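[1] here are the coordinates; sequence isn't available:
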Ligand SMILES: NC(=O)c1ccc[n+]([C@@H]2O[C@H](COP(=O)([O-])OP(=O)(O)OC[C@H]3O[C@@H](n4cnc5c(N)ncnc54)[C@H](O)[C@@H]3O)[C@@H](O)[C@H]2O)c1
Ligand SMILES: O=C[C@H](O)CS(=O)(=O)O
């Protein structure tokens, strides 16, 4: 499927040659086998990419929204048609089960569709002036060259969730994907190329994150950096971008609580908690990190949950009916086990799992794990685990559990399981999160604004809000002689 060397630097419509000396190897996390090598580039290539994006900006931004939408719509069609092959590539480099990978690719394509539609709805405003001697208007204008930095856990959809609105708004882009998963980014560039997107509008640089990031942060041509990744790196970008007061949109870490009330539908709630926790093996920003179950149903809930979790099948994502693939690397396995070890040393009980799994395969596998007898001093209750472990606590009082759920620096997603509408609305309004799911744990969709508060991020991706991130709203005041 791949040559030993895969071109991964796309600048001004051309794939740059790679020197063997400056490459990094991409491994399959399910088998630890090398897949291919890609360029390990840095400042020089990034500067060249920024220049290409800058030179392409005037023409691209001056196209009408309708003209830009045609490119995005063509890219959508190409991505949808190729979802099976793109899904296989995604599974090979990231590890998630093939059905999840194909679902991610189709979801990624839907961002292209949504912003193909939104591109023609980039409305301005005509303001009712308080004096007859003026006419006032607000016109939306593309911010300019955008630097996009994306994570490995959704190597396809996190890219189109940024590039689709940016291009729809009239911006041009330099993309740096995660080093673990550049192949999906390469395929998305090829899709834009096949869709006929003009040279320089989208550019790709793989390699030294710090060096590439520094160029995006310090080059005055770059007007906006859009980042998805850890809160730690988000804080670094905030510090480093202050020098130029560069615009930022940040989609950062999460620590989602799930609250199961006594009136919840047990079968539905256990299945949804499993869906939230074990999608992508728990390597998602919005997955359940803490589970609070009402005391009256705690035993029944925990027993049903354990039965369902024990049925989950581990294996390579390319195998049929696998529910849990490998974690992205050994470091991720060690972090997950560190949380389990810390919890058990502080009194937690391992109801199931609690260790790595290498029975048949060499990859980075960790058994799906449920922990009970949890106390708030445990790391797992405050640090993002990013793996297949659920700590369960019980509660009795609604206002108390809301306090517990809000007791975190994160504020991305939270979930409420209840069949009582009043309670659903009352609790949702009191949860300090950017996203709340009620009997739903898959809130992300192109038509809705996705994003966190507190230390989970700044800005939104999706909906019409997603395009606003890449627009300046210019106010024009026109003095007229009204006589
Ligand atoms: N809020 C969201 O929508 C969302 C979505 C997906 C992932 N995430 C978060 O991302 C994290 C997991 O992803 P990750 O491990 O790739 O995160 P990460 O922060 O380690 O890396 C994210 C990206 O930043 C780059 N990067 C790292 N250091 C950099 C630097 N100094 N300068 C420039 N770029 C740099 C990486 O190469 C990668 O491309 C988790 O915390 C998860 O919650 C959040
Ligand atoms: O990991 C974070 C992603 O944003 C999850 S989702 O694809 O948006 O559900």
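    Nice, thanks for sending it over. This structure is a prediction, so every number in the text was calculated from the model and none was measured. Ligands and ions are numbered 1, 2, ... in the order given.

[2] hey, where'd the helices end up in the stretch 101-250 of the chain?
    157-169, 183-194, 209-218, 231-241 (DSSP state H, counting those that start in this stretch).

[3] And the ones you listed: which comes nearest ligand 2?
    Checking these against ligand 2 by C-beta to the nearest ligand atom gives helix 157-169 as the closest, at 5.5 Å. Where you see a C-beta, it was placed from the backbone N, CA and C, and this is true even at glycine.

[4] Can you name the residues of the stretch 201-350 of the chain sitting close to ligand 1?
    209-210, 213, 228-230, 233, 236, 251-254, 285 (C-beta under 6 Å from any ligand atom).

[5] so what's residue 389 up against?
    282, 336, 339, 340, 353, 366, 368, 369, 370, 371, 380 (C-beta atoms under 8 Å, 6 or more residues apart in numbering).

[6] can you do 6 Å?
    residue 369 (C-beta atoms under 6 Å, 6 or more residues apart in numbering).

[7] got the phi/psi numbers for it?
    phi -130, psi 130 (degrees, to the nearest 10).

[8] Start the count at 12 instead of 1 going forward.
    OK, 12 is where the count begins now, so the last one is residue 400.

[9] Relative to ligand 2, how far out is it?
    Residue 400 sits 16 Å away from ligand 2, taking C-beta to the nearest ligand atom, to the nearest Å as the criterion.

[10] and that residue, what are its bridge partners?
    Beta-bridge partners of residue 400, counted by DSSP bridges, are residue 380.

[11] contacting residues for the most centrally placed residue in the chain?
    The centre of the chain sits closest to residue 169, judged by C-alpha atoms, centre = their mean, with a distance of 4.6 Å. By C-beta under 6 Å, 6+ apart, the contact set of residue 169 is 161, 162, 239.

[12] Buried ones only from those, please, as a PyMOL command.
    The PyMOL command for the buried members of the contacts of residue 169 (criterion: 16 or more other C-beta atoms under 10 Å) is given here:
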select buried, resi 161+162+239
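
[13] Stretch 265-282: which residues count as buried?
    Neighbour count says stretch 265-282 has 265, 266, 267, 268, 269, 270, 271, 272, 275, 277, 280, 281 buried, by 16+ other C-beta under 10 Å.

[14] Given the helix or strand where the fourth one lies, what are its sheet partners and their directions?
    It stands for residue 268. Using DSSP states H and E, residue 268 falls within strand 267-271. Paired with strand 267-271 in the same sheet, following DSSP bridges, are strand 299-305 (parallel), strand 424-428 (parallel).

[15] What's the mean pLDDT across that strand?
    Taken as a whole, strand 267-271 has a mean pLDDT of 98.

[16] got it, and stretch 172-191?
    98.

[17] and if you look at stretch 94-107?
    pLDDT averaged over stretch 94-107 gives 98.

[18] Is there any residue in it that contacts ligand 1?
    No. For stretch 94-107, no contact with ligand 1 is found by C-beta under 6 Å from any ligand atom; the gap never falls below 10.7 Å.

[19] close to ligand 2, is that stretch?
    No. Stretch 94-107 stays clear of ligand 2 (C-beta under 6 Å from any ligand atom), getting no nearer than 10.9 Å.

[20] circling back: now tabulate the helices of the stretch 112-261 of the chain in JSON lines and tack on distance to residue 98.
    Below are these laid out as JSON lines (distance: least, C-beta to C-beta, whole Å):
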{"stretch": "helix 168-180", "distance to residue 98": "12"}
{"stretch": "helix 194-205", "distance to residue 98": "10"}
{"stretch": "helix 220-229", "distance to residue 98": "26"}
{"stretch": "helix 242-252", "distance to residue 98": "27"}
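
[21] So which of those has the densest surroundings on average?
    Sort the helices of the stretch 112-261 of the chain by mean neighbour count, taking mean count of other C-beta atoms under 10 Å, and helix 168-180 sits at the top with a mean of 28.

[22] quick one, that helix and helix 194-205 angle?
    In terms of direction (axes from the mean of the first three to the mean of the last three C-alpha atoms, to 10 degrees), helix 168-180 departs from helix 194-205 by 30 degrees.

[23] who in the stretch 212-361 of the chain is up against ligand 2?
    295, 296, 297.

[24] which one of those residues has the most neighbours?
    residue 296 (30 neighbours; other C-beta atoms under 10 Å).

[25] and the protein, what are its domains?
    Following automatic domain parsing, one finds the domains of the chain at 20-263+467-486, 267-456.
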